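Asker: just a sequence and a predicted model for now, questions to come.
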Amino acid sequence: MNGTDPSNAAPDEDRVAVRDEWREHFLEWRGLEWRGRGTPQPVAIDPAGPQWLKALYKEHADDLEQAIRDLAVPAYEPAIRAGMAGDPDPQGAALALVLLGLAAGGLYEVEDRGRDALVAEHGPAFACQVMVEMIGHQVHWWAGSRNRSRSARIEVPNVHHLALTNSHLRRIRPLRSLLAALPEAEYAEVREAIAQQRDSDAKKFAAALLMPDQEDWVREACDLHSGSRYERSGYDLIWAMVSTSEQAERAGARVLGSYGAIDARIALVVDALGADALPVLLNTLQSEDRPTTETRELLLDAISRLPSDAAVSYLLGETTNPLALAAAEQAAQRFPLRALRAVAAMAPNTPAASRPRLAGFARANGLLDRVAELSETDQERIAELTRRRHPVAETVPAVYADLPWAPYAKPTKREPLVLTPPATDELRWAPGERDEWLQTSEYRSYYTQESHWTSYWGSVTGPEDWVFNELIAYGPEDRARTALAKWDGATASLGTGTLQAILARFGDEAAPPVMPLLKRRSSHRAAMMPFVNRDAARLAAGWLKRSNDRATAKAWLDRHAADAAALLIPDAVGKDAKLAKAALDALRYLDRSVVDEQAAVYGDAAAAAVAALLDADPLDPQVRVPKPAKWADPALLPQVLLADRAAALPDAAVLALMTALAIDDGERPYAGVDLLAAECDPISLTAFSWGLFELWLAAGSPSKDAWAMDQLRRFADDHAVRRLTALIKEWPGQSQNRKSVRGLEILGGVGSEAALRAVHGIAQKAKFKALKKTATEQIEVIAERLALTLDQLGDRLVPDFGLAGDSLVLDYGPRTFTIKFDESLKPYVLDDEGKRRASAPKPNAKDDPELAPPAYERFAALRKDLKATAAEQVKRLEAAMGSGRTWSSAEFREFLVDHPLMWHLSSRLVWQADGAAFRLAEDRTFADVEDEPFELPEDASVRLAHPLTLGDQVDEWATVFSDYEILQPFDQLGRPAYELSEEERKAGRLTRFEGVKAGGGPLIGLLNRGWKFGGPATRGGYGLYREFPEGGYVYLDSAPGVHPGYGYDNNTEQTLETVELVLPEGEAIDPVAISEILLVIARLTRS
């Protein structure tokens, strides 16, 4: 039953707990007494209304005569004159009343009093007919307009536009109240009168708004709304009409429309659907429009007021979100029994790390007092949930009795030294860096066009001009140099790419304003890399503690290690405590031998002081020992078991462990954590770690306690990595970019293959540009550290899912299941008797409650991950074929033949070793096209074959694969091969594609496949281009054109006007690369 309760008490837990602010938005619904508002009261009608209306018509007679003369459709004149005269003409009365309101300058007041006048003079039935006509027409007239050329327009709106016109709600509200209180006989007259007006789609929609109890009318109106471009969004008029979830579904309204007052719309949908509003509220909450924090709070509050077990369950499942947690607590107070049932229902499938928090929620909100009212099954679930599975240890290991930091409670005082740092202050460019900064700016091709500086921006001279920075970076030399003298780096419009271009262009001349700028705006941090001076060293040292800036800080310290040490040692041993701490952190990051060498330059006393700082006891926190925050309640966390799993740590010991984690630092790990953790069971530590992180999220992620997130790097397993990765991808869409960056650093700190794969995956596919960039930078650092290319690192990050030997065991306790997968890489399981199942079964009551749920989740995640990984690797292999990438013989065997996953893909492709083609046989040996054994030389260079490299053997290989019924993961042997004609090589134009049509969507999609927008540095432009590694490029220009910017419609059909091909001089480009580029363009144009 859908209902709204006039109070918030909800004693029977079956009515909506109505928010007081909602009531002003409610509409009356005749015959729906369950809404709990009592009997509708008669609406008072002003008996003097007719006289007032006649007087107003007389007062504005001249204006209305002008409107009639201005009619774009003169056929409306007779009806309007009838309305002005007070005749019972519904259409005329509606149009005349609207024109009168426009003439009088008070449309709403005129409509309100005019409606009363019509009710008083002609009765409710006529007034409702007029309202149907009023909603069924749009009137546009600018009273007093100088342009008298047909300025009065009357149109019939389409339903899709009508449904967005929220202002109609105030028009119908009084009539809905009037109709709700009418006697049945009068109501029947109104129904009959409105039925006569339903002669257009718009009027049919209006009729349903006035009489939503007429189910046939509502059904027809919903059908009219369904299929519109706004179908999925339900605006006010839809929720004023529907009263069941079936009707809403029929209208296609699945989310609340985002335009207009969302609080009013929430009130309407809850009033319309009651508890059945839950799916609509959830869809809105999770929509791609990413509602604001305020809107999310309103939606969560509404969900907490629904008499629905599902609503409470949703909130309980989102309690790591502090807004959802607050709403769940309110729901528990309003619907305690429903909340307790929801807790019981969730308990069996709640991960071990989250169970204590769920139990704590029930306890804190007084729900356990009503356990006796539950079913026997639910009572057992609550008892199991709230029971601590392991006894608390009576004695603790010695390290928990004598805490590692206890001897260092008082920090040791040291005598500061006064040292003079070197006067180094220069720009030190890395090889090729300066040229790269000059050439790679995203907008360079636009701003370097000389015509722009002589026409559009000919008068740009000073910082007040919006392209002043661009003038210095890209403008004519003489004007740029003059502008540089006025430049102080303070303009807000300065972009990092432009700043880098200015530095690269003018070098030391442009340097002075940059360091002050970087101190104010670290968003330009990338521009600091060539600077070598004390300010840069101090910035890098300070940035080590800031997640957004840490990667840049490390890169600078790595690049300028010796200078960094020399510049920071005076701070480290100096008097300023803040500078000393930052400098010491940086010195600890640097290679010790480099620091010692630079310290020696300052003399023996300085070298000894630095050594004393760096050689401090690793158990000395060297910071004030923090106290765990109030939110970090051990009772809400999974138990931490001792190493033998026989007993759990007492709460005091758990608090000590959290204190050690708060001391811990990713840049300087605290050794005390290792001592404490060594006494504990690693599996329970993993569950505790994730539970602690979730508890921190639920507390609102206080920044001073960010250690609760950082500690994941110590204990996260592959499952935790997967869950953290999902959050990292979500956070940017919730305006939590800093948390995402920190999460990426944590994954890097975890260092497992699963964690590195996660970072690599984000770098490849993240939809948020900043997140993708950060992940890419992290992957590049990792690859450089391992002396690998990004492709080589990618090979090493392909997961084997534990499938070496083709199996993995899922342990449910009393029963086990063996995972296997078929040739299409779909996983399945075998039970103990060897019976095949398509998926792992859900745990039952006989299974181990700690082992079975994680095993079940592991299989579900495996199936999902395996599908995604297989698709990704197919793309990598296809790209490798197109780029001509090679593997050494050893790499090929390790990563493509012996790898349990990649083997299934590589065995369905043709390979070449220094030109000789071969394939992988079923026993992982090699065979040539004649099916004869093929010996792969140890020093061979292996690549994927392409029709161009196979030449005449293509058909023979196709026959082999056909005979063996080998399905290829992508089109290799049947792939079209393209070559340039001699004329195309000479002309540099691919005229075969020019003048041909292409879709705008596929064109802009090239940006996801290595193409760029704009034009190469040597030509400029506003097209799409792709550069060859050897030099040269392909450039496409289309009309009317595509653009990656927000708000551009790229779905229009395009005509390729220019297709240029510029080849590098003296460099041979792999014919396969040329073929693949031509294939891309051919597919775009379907040539």
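Answerer: Arrived safely. As the structure is a computational prediction, the values presented were derived from the model and not from experiment.

Asker: in the helix of greatest length in the chain, which residues are buried?
Answerer: In the chain, assigned by DSSP state H, the helix with the most residues is helix 852-883. Neighbour-count burial for helix 852-883 flags 852-859, 862-863, 865-866, 869-870, 872-873, 876-883 (criterion: 16 or more other C-beta atoms under 10 Å). For every residue, glycine as well, the C-beta is placed using N, CA and C.

Asker: kindly report the same for stretch 593-604.
Answerer: With burial defined by 16+ other C-beta under 10 Å, the residues of stretch 593-604 counted as buried are 594-595, 598-599, 602.

Asker: what mean pLDDT would you report for the strand or helix carrying residue 675?
Answerer: Applying DSSP states H and E as the criterion places residue 675 in helix 671-677. Computed over helix 671-677, the mean pLDDT rounds to 96.

Asker: over to stretch 297-313?
Answerer: Per-residue pLDDT over stretch 297-313 has a mean of 96.

Asker: what lies in contact with it?
Answerer: Residues from elsewhere that reach stretch 297-313, judged by C-beta atoms under 8 Å, 6 or more residues apart in numbering: 3, 10, 13-19, 262-263, 266, 270, 274-275, 277-278, 281-282, 284-285, 291, 314-315, 323-324, 326-328, 330-332, 334-335, 338-339, 341-342, 345-346.

Asker: filter those residues down to the ones in strands?
Answerer: 16-17 (DSSP state E).

Asker: so after the top strand by length along the chain, what's the next helix or strand?
Answerer: Longest strand in the chain by number of residues (criterion: DSSP E): strand 1053-1062. Moving toward the C-terminus from strand 1053-1062, the next helix or strand (DSSP H and E) is helix 1071-1085.

Asker: list the buried residues in that following helix.
Answerer: 1071-1081, 1084-1085.

Asker: kindly report the same for stretch 1005-1025.
Answerer: Across stretch 1005-1025, burial judged by 16+ other C-beta under 10 Å covers 1006, 1011-1016, 1020-1021, 1023-1025.

Asker: need the CA coordinates for that stretch. PDB is fine.
Answerer: Output of stretch 1005-1025 as PDB, limited to C-alpha atoms (Å, rounded to 0.1, in the frame of the first residue of the first chain):
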ATOM      1  CA  GLY A1005      36.100   8.400 -31.600                       C
ATOM      2  CA  LEU A1006      39.500   8.400 -33.200                       C
ATOM      3  CA  LEU A1007      40.700  10.500 -30.200                       C
ATOM      4  CA  ASN A1008      40.400   7.300 -28.100                       C
ATOM      5  CA  ARG A1009      42.700   5.400 -30.500                       C
ATOM      6  CA  GLY A1010      45.800   7.500 -30.500                       C
ATOM      7  CA  TRP A1011      44.600  10.400 -32.800                       C
ATOM      8  CA  LYS A1012      44.700  14.100 -31.700                       C
ATOM      9  CA  PHE A1013      42.600  17.100 -32.300                       C
ATOM     10  CA  GLY A1014      44.000  20.200 -34.000                       C
ATOM     11  CA  GLY A1015      46.900  19.900 -36.400                       C
ATOM     12  CA  PRO A1016      50.600  18.900 -36.300                       C
ATOM     13  CA  ALA A1017      53.000  21.700 -35.200                       C
ATOM     14  CA  THR A1018      54.200  22.000 -38.800                       C
ATOM     15  CA  ARG A1019      50.800  22.700 -40.400                       C
ATOM     16  CA  GLY A1020      48.200  23.700 -37.700                       C
ATOM     17  CA  GLY A1021      44.500  23.200 -38.300                       C
ATOM     18  CA  TYR A1022      41.300  22.100 -36.700                       C
ATOM     19  CA  GLY A1023      41.100  18.500 -37.800                       C
ATOM     20  CA  LEU A1024      42.200  15.100 -36.500                       C
ATOM     21  CA  TYR A1025      45.700  13.800 -37.000                       C
END
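
Asker: can you say which of the contacts of stretch 297-313 are buried?
Answerer: So, by 16+ other C-beta under 10 Å, the buried ones in those are 3, 10, 13, 15-19, 262-263, 266, 270, 274-275, 277-278, 281-282, 284-285, 291, 314-315, 323-324, 326-328, 330-332, 334-335, 338-339, 341-342, 345-346.

Asker: now, those that are in helices?
Answerer: Judged by DSSP H, helices contain the following of the buried ones among the contacts of stretch 297-313: 262-263, 266, 270, 278, 281-282, 284-285, 314-315, 323-324, 326-328, 330-332, 334, 338-339, 341-342, 345-346.

Asker: if we can go back for a sec, just checking, what packs against the longest helix of the chain?
Answerer: In terms of contacts (3 or more C-beta pairs under 8 Å, 6 or more residues apart in numbering; DSSP states H and E), helix 852-883 is packed against helix 718-730, strand 808-811, strand 816-821, strand 827-830, helix 902-906, strand 941-944, helix 1071-1085.

Asker: mind listing the helices for the stretch 351-500 of the chain?
Answerer: Remark: helices assigned in the stretch 351-500 of the chain by DSSP state H, counting those that start in this stretch are 355-364, 376-386, 398-401, 433-439, 444-447, 450-454, 468-474, 477-484, 496-506.

Asker: can you say which of these is nearest to residue 828?
Answerer: Closest of those to residue 828 is helix 355-364, at 30.0 Å (criterion: C-beta to C-beta).

Asker: and that closest one with helix 322-334, angle?
Answerer: Computed by axes from the mean of the first three to the mean of the last three C-alpha atoms, to 10 degrees, the angle separating helix 355-364 from helix 322-334 equals 40 degrees.

Asker: and residue 146, what's its pLDDT?
Answerer: Looking at residue 146, its pLDDT stands at 48.

Asker: repeat that for residue 776.
Answerer: For residue 776, the predicted pLDDT is 85.

Asker: so which helix or strand takes in it?
Answerer: Counting by DSSP H and E, residue 776 is found in helix 769-785.

Asker: wait, isn't residue 857 in contact with residue 350?
Answerer: No. Residue 857 is not in contact with residue 350 according to C-beta atoms under 8 Å; the separation is 11.2 Å.

Asker: returning to that earlier point: single out the most deeply packed of the helices and strands packed on helix 852-883.
Answerer: Mean neighbour counts were compared across the helices and strands packed on helix 852-883 using mean count of other C-beta atoms under 10 Å; the top stretch is strand 941-944, at a mean of 20.

Asker: touching that one from outside, list them.
Answerer: By C-beta under 8 Å, 6+ apart, strand 941-944 touches 877, 880-881, 884-889, 891-892, 909-914, 936, 949, 972.

Asker: quick one: mean pLDDT over it.
Answerer: 97.

Asker: what's the answer for stretch 523-537, then?
Answerer: If you average the pLDDT over stretch 523-537, you get 93.

Asker: pull out the buried positions in it.
Answerer: 524-537.

Asker: any weak-confidence spans in the stretch 751-900 of the chain?
Answerer: Along the stretch 751-900 of the chain, segments meeting pLDDT under 70 span 802-807, 821-824.

Asker: the same query, at a cut-off of 80, please.
Answerer: Within the stretch 751-900 of the chain, the ranges that satisfy pLDDT under 80 run 767, 769, 781, 784-786, 801-808, 821-826.

Asker: next one: the stretch 501-650 of the chain
Answerer: 522-523, 547-548.

Asker: that'll do, ta.
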